[in-house]
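Chemist: this is a predicted model, with the sequence first.
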Amino acid sequence: MTTMRIFYAALAVILISSLSLAQNSIIRGNVFDQKTGDPIIYGNVYIQGTTIGANTDVNGFFTFPKLEPGNYKVVASYLGYDSTVVNVDLREGAIEYLRMEISSSGIQLNTVDVSAERERARTEVYISTTTVSQQEIQSLPSVGGEADIAQYLPVLPGIVFTGDQGGQLYIRGGSPVQNMILLDGMLIYNPFHSIGLFSVFETELINNVEVQTAGFSAEYGGRVSAVVDISTRTGDRKRFGGLVGVSPFQARAIVEGPLIKSTQENPSSLSFVLAGKQSLISQTDNIFYDYASDSTGLPFEHQDIYGKLSFVTGNGSKFDVFGFNFTDDVVYPGVATLGWDATGAGGTFTVIPSSSSLILNGIVAYSDYTIGLEEADGNPRMSGINTFNANLEFTYFGGNNEVKYGLGINSISTDFQFVNFANNSFEEQNNNTELTAFLKYKQEIGDLILEPSVRVQYYSSINEFKLEPRLRMKYNITRDLRFKAAWGYYTQNLLSTVNDRDIVNLFVGFLLNPEETLFDPETGLRTDSRLQDAYHYVAGFEYDWGRNLRFNLEAYLKDFNQLVNINRNKIDPGTPNYIVETGQAYGIDFNADYKKGPLEVWATYSYGFVNRFDGEQEYPTNFDRRHNTNLLVTYRMGKDQSWEASARWNFGTGFPFTLTEGFYGQYDFGNGVNEDVVQGNPDLGILFDSRINAGRLPTYHRLDLSVKKIWVLSEYSNLEVTASATNAYNRENIFFFDRVEYERVNQLPILPALGVAISF
């Protein structure tokens, strides 16, 4: 703890010294949509007649530090909007805040060839990072008539999704528990419903999604693989409105509006947004999809509710309060019954002091997640996790540099119950408090951009202190060709309970790393820490071929020094409950992005390997997909481009699984020595292949199609109708295989759907 006190004292000194830095003249501000008051994300802001420019962030914020006194013309522009110019008379040492509003123009967004994303690529590192907007999600074929981030994420390079039912997300060799999923800064432990076509997130509320598949900087911690950071927008600050939509899969509704309206005279506002959706597929499957399954139909139920209250001040400071409840239930008769419930609430804030170049961000949040599974074997599984987190971050903008640092506390409790095939019970109730601090520095040196960072993690339950250095960089070889690289060290104190021998995993529980001894000295594995940890190595190139075509190539290695798993093969009650493994994930990801006029094409290819070593054998994980390809094409038609046609094709080689060698009569010897092993009726035991995951499932491929038409009913009202076909050529992709009955159950068959939504 002495080291921690020294570190926090040093960080406090940095904070105080930053606040006392001599101030140059500064122009900063926010850019908003004139009609709705929404922030303009990644818009262009520049000072006319100079080379000084910047892109707005997810809050529409920009800053120009270290300016000489004088008169400036600040221009804000964005695709599909008219530019706005503001004159600024800047005095010595002054900080001028601009609230800029831009309005939609007659120029259609899709006919503009210049992309703000290209400009950001030249000034930001963005290695292994993809940003996704609401508009991009909606350009995907709308499965079931409704677009969803769950359908878009698998299109990104390095991401593997295991299927339509009970699907899980694997990012560059990391399992779901190794990926950090954030909703407005709050941890989400299960973002996908059992029918894998839909997430808990409402597409219409998504402000921005940032996916970091490897090499992320020190502002994120507690996970060893990847980060998916999702932010939602505020409610309309100027008028009341909403949306109502229905499809065979689900019904949804949104209502929003100002409680205190933003005006030219009083730009401050208080607004709200409330969204909810309810699954319908278990009621409509017998009407529309009675062929989907002879016995179970489509037994999926989910309900999602999310609300946010937002206060935005005249100088761009922002305060949000939000809450949610997500539920999911699925019943496979004779196989399994699964249900989970997630509830949470929190508050975030962004403070822009009027006399400092520091920007302050923070969050306080609490969430609770519980999942239960009952299988045909009668061995129930239950897992619960609740988290309290509070984080405070400071950002200082210099001329060609930027400093970001912060402090945080995460308090986590887990409750886990599990019975394995040998009727051995696992029961764990653990608590842990994580103290965190990070420092990130960005420096532009000519064409070189360096971003070193460091994170400190203290895990109180196991008394582990970790220093996690990281480095990201980019070099602009030419204006169109850029080299980038990243390296970093990562740790985490949370593990999941997925059974690696299940062909399909329905249950994913969570528990903190145990305090008991984890290692058998005969394995020769590390014994100095109970934490899971990994090193990331990434390198690649970006190339812009003309104004419309962009290529990206990255090679990566995730070296997992230590991973902790449940000892699912435990037979003797005296043997350890946990085993330790090492592993690697490595490969190459390639993607090409073409945009011109009404046509958009997105293509990805991933070649990867994911393996583990348990001290006795090296084996591929059950999500080791060697080849994965996605092709997405969107085309807009009509004089006003109110028609949109989309197609997405996915191909992936088969996942590994552990083969079945045979069966045997399994007695539990509940009667001790009096057990009748001659005439008794034993349970059927399964004899697994000693080689873990030596088999391979068939290849997976699927085509999704959709056509969308939008009718403008009034200035604020649209009618949107979407016709779609999921699995258009009715490919039989495997979902579940019953080893005992020797029966195969496939993923979803062809599912045509018609979705209707009215916005007002």
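Modeler: Arrived safely, thanks for sending. Numbering: from 1, shown residues only.

Chemist: C-alpha only now, for contacts and for neighbours.
Modeler: Noted.

Chemist: residue contacts, residue 184?
Modeler: 229-232, 348 (CA atoms under 8 Å, 6 or more residues apart in numbering).

Chemist: now render those residues as CSV, adding neighbour count, distance to residue 287 and secondary structure.
Modeler: Converted to CSV, the contacts of residue 184 look like this (neighbours: other CA atoms under 10 Å; distance: CA to CA, whole Å; DSSP: H, G, I helix; E, B strand; the rest coil):
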residue, neighbour count, distance to residue 287, secondary structure
229, 20, 38, strand
230, 21, 35, strand
231, 19, 37, strand
232, 19, 35, strand
348, 21, 44, strand
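
Chemist: test of understanding: give the bridge partners of residue 76.
Modeler: residue 45, residue 84 (DSSP bridges).

Chemist: wait, it sits on residue 32?
Modeler: No - between residue 76 and residue 32 there is no contact under CA atoms under 8 Å: 9.9 Å.

Chemist: identify the contacts common to the two.
Modeler: 100, 102.

Chemist: which of the two has more residues huddled nearby?
Modeler: For residue 76 versus residue 32, the count of surrounding residues by other CA atoms under 10 Å is larger for residue 76: 26 against 22.

Chemist: against residue 731, how distant is that one?
Modeler: 49 Å (CA to CA, to the nearest Å).

Chemist: the longest strand belonging to the chain: partners in the sheet, and parallel or antiparallel?
Modeler: Counting by DSSP state E, the longest strand found in the chain is strand 425-445. Note on strand 425-445: by DSSP bridges, its sheet partners are strand 401-419 (antiparallel), strand 448-459 (antiparallel).

Chemist: just checking, residue 684 touches residue 741?
Modeler: No - counting by CA under 8 Å, residue 684 sits too far from residue 741 to count as a contact (10.8 Å).

Chemist: neighbour count winner among these two?
Modeler: Shown here are residue 684 and residue 741; by other CA under 10 Å, residue 684 has more neighbours (12 against 7).

Chemist: which strand residues bridge that one?
Modeler: residue 665.

Chemist: quick check, pLDDT for it.
Modeler: Per-residue confidence (pLDDT) for residue 684: 70.

Chemist: same question, residue 646
Modeler: 94.

Chemist: then the one 3 residues further on?
Modeler: Among the per-residue scores, residue 649 shows a pLDDT of 96.

Chemist: with the one 5 residues further on instead?
Modeler: Among the per-residue scores, residue 654 shows a pLDDT of 91.

Chemist: who touches it in this structure?
Modeler: Contacts of residue 654 by CA under 8 Å, 6+ apart are 625-626, 696-700.

Chemist: same thing but 10 Å
Modeler: 622-628, 695-701, 733-734 (CA atoms under 10 Å, 6 or more residues apart in numbering).

Chemist: how about residue 254?
Modeler: 202, 204-205, 235, 241-245, 273-277, 305-307, 759-760.

Chemist: bridge partners for residue 274, pull those for me.
Modeler: Beta-bridge partners, per DSSP bridges, of residue 274: residue 255, residue 307.

Chemist: hmm, it is touching residue 233, no?
Modeler: No - the pair residue 274 / residue 233 is not scored as a contact, 11.3 Å apart, by CA atoms under 10 Å.

Chemist: now the common contact residues for those two.
Modeler: Joint contacts of residue 274 and residue 233 (CA under 10 Å, 6+ apart) are 205, 308.

Chemist: care to break this structure down by domain?
Modeler: With domains defined by automatic domain parsing, the chain comprises 2-107, 129-663+691-759.

Chemist: minimum distance to residue 123: which of those has it?
Modeler: Residue 123 lies closest, by CA to CA, to one member of the domains of the chain: domain 129-663+691-759, at 7.6 Å.

Chemist: ok now that closest one, how far from the chain's centre?
Modeler: 3 Å (CA atoms, centre = their mean, to the nearest Å).

Chemist: tell me how far the ends of that domain are from each other?
Modeler: First-to-last distance for domain 129-663+691-759 - CA to CA - comes to 32 Å.

Chemist: can you list the contacts of residue 184 in JSON lines and add distance to residue 542 and pLDDT?
Modeler: Listed next are those as JSON lines, based on distance: CA to CA, whole Å; pLDDT from 0 to 100:
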{"residue": "229", "distance to residue 542": "23", "pLDDT": "95"}
{"residue": "230", "distance to residue 542": "24", "pLDDT": "95"}
{"residue": "231", "distance to residue 542": "26", "pLDDT": "93"}
{"residue": "232", "distance to residue 542": "29", "pLDDT": "94"}
{"residue": "348", "distance to residue 542": "35", "pLDDT": "96"}
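
Chemist: nearest to residue 608, of the residues you listed?
Modeler: Once CA to CA is applied, the member of the contacts of residue 184 that ends up nearest residue 608 is residue 229, at 23.9 Å.

Chemist: ok, that closest one to residue 37 distance?
Modeler: 23 Å.

Chemist: residue 239: what secondary structure?
Modeler: Classification of residue 239 by DSSP: H, G, I helix; E, B strand; the rest coil places it in coil.

Chemist: how close does it get to residue 719?
Modeler: In terms of CA to CA, residue 239 sits 19 Å off from residue 719.

Chemist: secondary structure element holding residue 698?
Modeler: Using DSSP states H and E, residue 698 sits in no helix or strand.

Chemist: again with residue 542
Modeler: Assigned by DSSP H and E, residue 542 falls in strand 532-545.

Chemist: phi first, then psi, for residue 139.
Modeler: phi -80, psi -10 (degrees, to the nearest 10).

Chemist: so who does it touch?
Modeler: 147, 152, 600, 632-636, 644-647, 706, 708.

Chemist: again with residue 754
Modeler: So residue 754 contacts 142-146, 246-249, 706-708, 721-725 (CA under 10 Å, 6+ apart).

Chemist: spatially nearest residue to it, not counting backbone neighbours?
Modeler: residue 723 (4.6 Å; CA to CA, 6 or more residues apart in numbering).

Chemist: in this model residue 248 seems to touch that neighbour, though I could be wrong.
Modeler: No - between residue 723 and residue 248 there is no contact under CA under 10 Å: 11.3 Å.
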